[in-house]
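Participant: test case, fold it:
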Amino acid sequence: MVLLGIVAIFILFLVGSVLVDYALGQERINAVTNTTIPGANGGPDVRAYVAHTQGAGPFPAVIMIHEFFGA
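Facilitator: This is a model prediction of the structure:
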């Protein structure tokens, strides 16, 4: 019974987060992106934020890829 309650709370949280994201609109995403990466093989473009270091390198890189739609 406790597990069922936890699952129900998690589902409500997910639905609520989608509604909040919709209410905040696109400007929130536009404010944190500074480039667009073209989609491969006609796929959709992906907006991204690219940070550059100051000074001469070489520097390590961090690449974060968030998986959309489970693909």
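Participant: only C-alpha atoms for contact and neighbour calcs from this point on.
Facilitator: Fine.
Participant: give me the number of residues near residue 25?
Facilitator: 10 (other CA atoms under 10 Å).
Participant: got it, and residue 56?
Facilitator: Neighbourhood size, residue 56 [other CA under 10 Å]: 6.
Participant: from residue 33, how far out is it?
Facilitator: According to CA to CA, to the nearest Å, residue 56 and residue 33 sit 25 Å apart.
Participant: and residue 46, how far is that from residue 66?
Facilitator: Distance of residue 46 to residue 66, given as CA to CA: 11 Å.
Participant: these two: which is more packed in?
Facilitator: residue 46 (11 against 7).
Participant: tell me which stretches of this protein form helices.
Facilitator: Secondary structure of the chain (DSSP state H): helices located at 2-24, 27-31.
Participant: what's the closest of those helices to residue 61?
Facilitator: helix 27-31 (22.6 Å; CA to CA).
Participant: for the chain, name the helix or strand with the lowest mean pLDDT.
Facilitator: Counting by mean pLDDT, DSSP states H and E, the chain has its least confident helix or strand at helix 27-31, which shows a mean of 70.
Participant: in this protein, which segments are predicted with low confidence?
Facilitator: Scanning the chain with the threshold set as pLDDT under 70 gives 26, 29-30, 67-71.
Participant: the same query, at a cut-off of 50, please.
Facilitator: For the chain, applying pLDDT under 50 flags the ranges 71.
Participant: tally of neighbours for residue 48?
Facilitator: Using other CA under 10 Å, residue 48 is surrounded by 16 other residues.
Participant: my guess is it contacts residue 31, does it?
Facilitator: No: applying CA atoms under 8 Å as the test, residue 48 and residue 31 come out as separate, 10.8 Å apart.
Participant: got the contact list for the closest residue in space to residue 49 that isn't next to it in sequence?
Facilitator: Leaving aside its chain neighbours, residue 49 sits nearest to residue 33 (4.6 Å; criterion: CA to CA, 6 or more residues apart in numbering). Residues near residue 33 by CA atoms under 8 Å, 6 or more residues apart in numbering: 47-50.
Participant: could I get the residues you listed as CSV with distance to residue 14?
Facilitator: Shown next, in CSV, are the contacts of residue 33 (distance: CA to CA, whole Å):
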residue, distance to residue 14
47, 23
48, 23
49, 25
50, 28
